[in-house]
Structures are given as C-alpha cells and as structure tokens.
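K.L.:
Here is a sequence with its predicted model. Questions after.
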Amino acid sequence: MLGNSIVEKKLCSNDFQYLHPYFYNNPYALRCELGIGDATEEYMENAKRRALEIYHILFHNGADAIFFNHWLYDYCDSGNAEKHVYDSDFDLEGVIENRLEYEREKLKFLSYYQLNYRHFTARNLETYDDPNDIDYGRQQRNRVICFSDGAEFDYRHLIEQELEGVNAHEVSFVSFEHECIFSIYDDRGCDVVFMTHDKLKEFYHKLQPYFLEYDIEEMERRLNG
C-alpha cells in the first residue's frame with residue numbers, strides 16, 4: 001500500500017517516465033557539478049566528496065528508497081547469420097560470453113535487491129529507442145523501486161559505482177520526507193528532482209554551492225517561478 005508521499009506515488013506509476021536528461025525533463029530540478037580539478041585523482045576525489053555531501057544534505061536519516069531500471073533485450077532475430085556481417089576476426093564465443101556476462105550482472109543486481117528489500121516494479125515503461133534505430137522495439141524497461149523500511153542502503157558503494165561507471169545500474173535515491181530524487185549521471189554531475197516548488201525553494205540555497213554554472217540561470221528562473 002502506497003504512503004502519502006508524492007514521489008512514491010509517481011515512482012510506482014507507469015505515467016512517470018523519468019528519462020534523461022532529468023534536469024530538463026522535470027520542472028523542479030536542480031543540477032550540480034561533482035568532478036572538479038585538473039588531475040584525475042583530484043577530480044575523482046572531489047566528485048566522490050561532493051556527491052556524499054549532497055547525499056547527506058538530502059538524506060540526513062538515510063534514503064527511504066532507491067530505484068533503478070532493469071532493461072530486458074529481445075535477442076531473437078529473423079535475419080541472416082550475424083557473424084557474416086563482421087570481418088574474419090569475428091569472435092563468436094566472445095560475443096556469446098559478453099552477452100551472458102551482461103545479463104548475469106543485471107540479474108545478480110536485481111536479485112540482490114529483490115531478495116533483501118520490499119519492492120515494487122513499474123513495467124513496460126517508455127525507452128530511449130528511436131523508430132529509426134536498428135534495434136527499435138527490442139528494449140523493455142522496468143523500474144524497480146526498493147524500500148529501505150528503516151534499514152540503510154550501502155549508499156557509499158552505490159554512489160562510487162555510479163561515479164566510476166563500473167557495474168553501474170542507474171541507481172537513484174529517494175526521500176519521501178523531502179519529496180526528491182537524487183540521480184548521479186556520471187562523475188561530472190548529478191540532478192536533484194523535487195516534486196514541488198516549495199521543496200525546491202527549501203533546498204535551493206543548501207545546494208547552491210554545488211550548482212553547475214552552465215545551468216544557474218535556468219535554476220534561478222525555477223526558484224523565482
């Protein structure tokens with residue numbers, strides 16, 4: 001049974017698509033910069049530090065939920081033998097192994113969170129597919145929402161995965177109290193999507209030190225909107 005939170009109801013609805021770019025697709029969103037600095041090590045250290053600081057501003061008692069996309073791909077085809085499309089170095093076994101490893105990692109991640117947390121899945125959501133894409137219609141997107149129910153997620157590990165792009169699963173963090181979603185798109189930055197203008201105004205100045213300069217004018221317009 002759903003609670004009274006606007007964000008919880010939206011996440012559990014198939015009408016809430018939540019596709020990139022989150023900042024431009026949601027009217028009460030703020031965009032923050034994470035990686036800063038010249039050296040690679042300094043850049044990543046700053047990205048991690050700033051992401052954790054933003055997390056603690058938004059989730060002082062921990063996130064109420066996380067969610068991620070579980071993508072299903074239809075490998076079935078009715079065409080010619082694919083290996084003839086490639087050159088003589090085509091690695092048949094390598095292609096098969098890569099597919100298996102990709103699906104194995106997705107299923108492992110999904111299974112871990114489904115087995116450990118109460119969850120809900122919004123199915124058959126809109127995808128990024130374009131009708132002109134060769135793979136149009138083969139992707140299926142399901143949004144899996146996992147509820148903490150008072151138990152804290154391993155947010156540090158999840159944040160590091162998103163920043164480094166290693167075994168990342170587009171994980172976003174949710175606060176029912178603050179009606180917001182915190183989504184890291186990579187080591188460059190993140191978006192904080194609020195459900196109401198009042199919540200955006202409440203956190204605007206708290207998050208202002210992290211704002212991406214490029215979008216400041218748009219964020220000011222939203223604040224004063």
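P.N.:
Thanks, I have the structure now. Note that the structure is predicted; figures quoted are calculated from it, not measured.
K.L.:
Can you give me the first-to-last residue distance of stretch 186-205?
P.N.:
23 Å (CA to CA, to the nearest Å).
K.L.:
Name the residues of it that come out as buried.
P.N.:
Neighbour-count burial for stretch 186-205, with 16 or more other CB atoms under 10 Å as criterion, is recorded at 187, 189-195, 199-200, 203-204. Backbone N, C-alpha and C define where each C-beta goes, glycine included.
K.L.:
Okay, buried residues for stretch 89-99 please.
P.N.:
Buried-residue list, stretch 89-99, by 16+ other CB under 10 Å: empty.
K.L.:
CA atoms of that stretch as CSV?
P.N.:
Extracted as CSV, the C-alpha positions of stretch 89-99 are listed here (Å, rounded to 0.1, in the frame of the first residue of the first chain):
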residue,chain,number,x,y,z
ASP,A,89,38.4,-11.8,-36.8
PHE,A,90,34.8,-12.2,-35.6
ASP,A,91,34.9,-13.8,-32.2
LEU,A,92,31.7,-15.9,-31.9
GLU,A,93,32.4,-17.3,-28.5
GLY,A,94,33.5,-13.9,-27.2
VAL,A,95,30.2,-12.3,-28.3
ILE,A,96,28.2,-15.0,-26.6
GLU,A,97,30.2,-14.7,-23.4
ASN,A,98,29.8,-10.9,-23.4
ARG,A,99,26.0,-11.3,-23.7
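K.L.:
can you tell me which residue is nearest the centre of this protein?
P.N.:
Most central in the chain under CA atoms, centre = their mean is Glu170, positioned 3.2 Å from the mean C-alpha point.
K.L.:
element containing that residue, please.
P.N.:
Taking DSSP states H and E as the definition, one finds Glu170 inside no helix or strand.
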